[in-house]
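In: let's see this in three dimensions:
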Amino acid sequence: MMPRSFNACKAKVHNRGIPSEAFLNELIDWCKQAPDEIFARNDRTDIYSQVFNELGPWEDLTHRKAAMLEVLRVLGGFESSWDWNEGRDVTNPNSNTSCTEEAGIFQCSGDSMSFSTSLKELLKSASGKTDCDTFRSVSKSNHRFAIEYCARLLRFTTDHHGPVKHKEINPWLRRDAVAEFRRFLSTQ
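Out: As a prediction, this is how the structure comes out:
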């Protein structure tokens with residue numbers, strides 16, 4: 001595979017800087033092998049509803065995949081400045097138990113597994129366990145798990161991540177980055 005040359009995907013996100021090429025490549029590589037069900041239409045109000053004005057209307061599955069990658073690109077910046085090992089959000093007073101403590105690049109917490117048994121099953125398939133301490137550890141060490149978990153979670157709720165819930169990420173989402181992701185997803 002030829003190296004990918006990023007332009008729009010390297011756009012600055014708020015005051016967080018720009019994502020690394022390694023992170024962008026991991027997003028694309030994960031997406032190329034991810035189950036289509038993660039991106040398929042559903043009847044829920046989900047991330048695709050939340051970012052429709054900025055990135056829609058959805059033309060096809062590849063467009064939906066590219067939009068999800070753009071959301072994850074921006075959310076990773078907002079939540080951790082793209083730090084896979086980011087720990088607990090010390091400004092969150094509710095982050096005070098092993099299950100409410102955030103972990104990793106997307107700052108998901110173990111209590112989010114309550115949104116769907118499929119989220120707990122994803123952790124079990126990645127680690128053999130489903131407890132919150134394991135969740136935090138795997139969220140930091142297993143990048144593919146962290147990406148897929150967050151993508152799946154965003155299909156169940158837009159309330160788990162403050163920057164999504166409050167639409168703080170929306171002004172930073174870029175149609176040209178989605179187009180760039182689409183090109184990479186369409187090539188070998």
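
In: element containing the spatially most central residue of the chain?
Out: The C-alpha lying nearest the average C-alpha coordinate of the chain belongs to residue 72 (CA atoms, centre = their mean; 3.6 Å). Secondary-structure assignment from DSSP states H and E places residue 72 in helix 61-80.

In: please apply the same query to residue 158.
Out: Assigned by DSSP H and E, residue 158 belongs to neither a helix nor a strand.

In: tell me the secondary structure for residue 145?
Out: Counting by DSSP: H, G, I helix; E, B strand; the rest coil, the backbone at residue 145 sits in helix.

In: quick one: the nearest residue to it once chain neighbours are set aside from residue 149, how far?
Out: In space, residue 145 comes closest to residue 126 once its chain neighbours are excluded; the distance is 4.4 Å by CB to CB, 6 or more residues apart in numbering. For glycine as for every other residue, the C-beta is placed from the backbone atoms N, C-alpha and C. Counting by CB to CB, to the nearest Å, the gap between residue 126 and residue 149 amounts to 9 Å.

In: circling back to that earlier point, now do the buried residues in the helix holding residue 72.
Out: Under the neighbour-count criterion of 16 or more other CB atoms under 10 Å, helix 61-80 has 62-80 buried.

In: and the average pLDDT for that helix is what?
Out: For helix 61-80, the per-residue pLDDT values average out at 98.

In: could you give the separation of that helix from the chain centroid?
Out: The gap between where helix 61-80 is centred and where its chain is centred comes out at 6 Å by CA atoms, centre = their mean, to the nearest Å.

In: which helices and strands does it pack with?
Out: Where contact means 3 or more CB pairs under 8 Å, 6 or more residues apart in numbering; DSSP states H and E, helix 61-80 is packed against helix 21-33, helix 47-50, helix 143-156, helix 162-165, helix 175-186.
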